[in-house]
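**Q** From the sequence below, what's the structure:
(one chain, ligands or ions: 1)
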Amino acid sequence: MTTTTPTTTTVLDASGVTMRFGGLTAVRSVDLTVNSGEIVGLIGPNGAGKTTFFNCLTGLYVPTEGTVKYRDTVLPPRPHLVTQAGIARTFQNIRLFANMTVLENVLVGRHTRTKEGLWSALLRLPGFKKAEQESRERAMELLEFTGLAAKADHLARNLPYGEQRKLEIARALASEPGLLLLDEPTAGMNPQETRAAEELIFAIRDKGIAVLVIEHDIRFIMNLCDRVAVLVQGEKIVEGPAEVVQADERVIAAYLGTPFEGAPGKEEAAEVEAAEAEAQSTTEGDDK
Ligand SMILES: Nc1ncnc2c1ncn2[C@@H]1O[C@H](COP(=O)(O)OP(=O)(O)OP(=O)(O)O)[C@@H](O)[C@H]1O
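**A** Just a heads-up that it's a prediction; the model follows:
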């Protein structure tokens with residue numbers, strides 16, 4: 001009997017990605033790869049450039065410098081072409097069609113995978129009906145997968161918050177991606193919803209879809225990710241397995257606000273620390 005080892009392929013290869021807005025460099029020469037079968041985390045303090053980097057990957061922004069490849073092909077900077085190529089995303093702020101049903105929201109996500117054109121749809125030609133039936137079946141499968149099937153006919157706006165986030169993921173999956181980008185998927189969730197989101201992301205990975213996720217909830221990211229990259233002021237300062245990144249003093253410094261060697265703002269932080277120490281000694285003096 002022969003055993004086959006699954007081969008790892010590079011799904012996403014971002015190289016030297018820089019994004020400038022006028023005088024501000026929001027992302028500076030960032031390299032990042034995501035391989036098949038991986039869940040990769042992207043963390044960093046507020047304003048570090050995480051969402052800007054995502055926007056460069058998905059064609060919303062044209063990077064000032066650098067290239068983004070999906071499975072060895074350079075991506076055109078057009079969101080619908082990026083989706084068609086195989087990258088889907090969710091947004092930091094929920095973007096559902098609130099007055100459409102849950103099922104209709106997922107069907108919208110299918111449009112990059114259906115070939116039938118406008119005339120076919122208007123005339124309801126046999127090809128369109130068949131494609132529509134297939135899309136509905138596929139959308140219902142995704143609703144089963146995300147635990148929303150019982151609510152297929154509900155309006156999206158009537159779903160509780162955690163389920164709206166799940167619906168966004170179901171809609172993204174409808175485009176049949178090979179890579180899913182999640183921008184703060186647990187923002188605003190309670191611990192139970194966060195746990196469910198974690199399980200859903202593992203299940204997505206187990207379906208063979210690679211995942212790149214931005215999150216502020218460090219515990220969530222450390223549980224979830226095979227590899228974590230840290231952005232600070234637009235630069236990737238560390239990348240590695242979760243446990244290594246978690247213990248890295250530069251990461252601790254970035255999160256706790258303690259200056260590390262060479263960090264921008266080190267002098268200002270030292271001044272603040274000195275002022276705080278002085279205020280503390282004055283207060284202690286007052287107490288005596
Ligand atoms: N379209 C834009 N025009 C000008 N500046 C921008 C634009 N988008 C983002 N920025 C700036 O780029 C920097 C990085 O912002 P970005 O939203 O990417 O950070 P982030 O790490 O996603 O932050 P957060 O965790 O708060 O969402 C910020 O200084 C932001 O003000």
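
**Q** Rounded mean pLDDT for the helix or strand encompassing A88, please.
**A** Applying DSSP states H and E as the criterion places A88 in strand 87-89. Confidence over strand 87-89 (mean pLDDT, whole number) is 94.

**Q** ok, and for it, which residues are buried?
**A** If you call a residue buried by 16 or more other CB atoms under 10 Å, then strand 87-89 has these buried ones: I87, A88, R89. For every residue, glycine as well, the C-beta is placed using N, CA and C.

**Q** Does the residue nearest to M19 when sequence neighbours are not counted belong to a helix, a strand or coil?
**A** In this structure, M19 finds its nearest non-sequential neighbour in V27, 4.2 Å apart by CB to CB, 6 or more residues apart in numbering. Applying DSSP: H, G, I helix; E, B strand; the rest coil to V27 yields a three-state assignment of strand.

**Q** can you count the residues close to Q246?
**A** Q246 has 15 neighbouring residues, counting by other CB atoms under 10 Å.

**Q** no, scratch that, I was asking about D72
**A** Close neighbours of D72, defined as other CB under 10 Å, add up to 9.

**Q** any idea how far it lies from the ligand?
**A** Going from D72 to the ligand by CB to the nearest ligand atom, to the nearest Å gives 27 Å.

**Q** For that residue, give me the pLDDT.
**A** Listed pLDDT for D72 reads 88.

**Q** For it, give me its contacts.
**A** By CB atoms under 8 Å, 6 or more residues apart in numbering, the contact set of D72 is T10, D13.

**Q** again, but for D31
**A** With CB under 8 Å, 6+ apart as the criterion, the residues that contact D31 are A14, S15, G16, V17, K236.

**Q** can you redo these as JSON lines with secondary structure, neighbour count and distance to F53?
**A** Written out in JSON lines, the entries for the contacts of D31 read as follows (DSSP: H, G, I helix; E, B strand; the rest coil; neighbours: other CB atoms under 10 Å; distance: CB to CB, whole Å):
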{"residue": "A14", "secondary structure": "strand", "neighbour count": "22", "distance to F53": "8"}
{"residue": "S15", "secondary structure": "strand", "neighbour count": "15", "distance to F53": "13"}
{"residue": "G16", "secondary structure": "strand", "neighbour count": "12", "distance to F53": "12"}
{"residue": "V17", "secondary structure": "strand", "neighbour count": "24", "distance to F53": "7"}
{"residue": "K236", "secondary structure": "strand", "neighbour count": "21", "distance to F53": "9"}
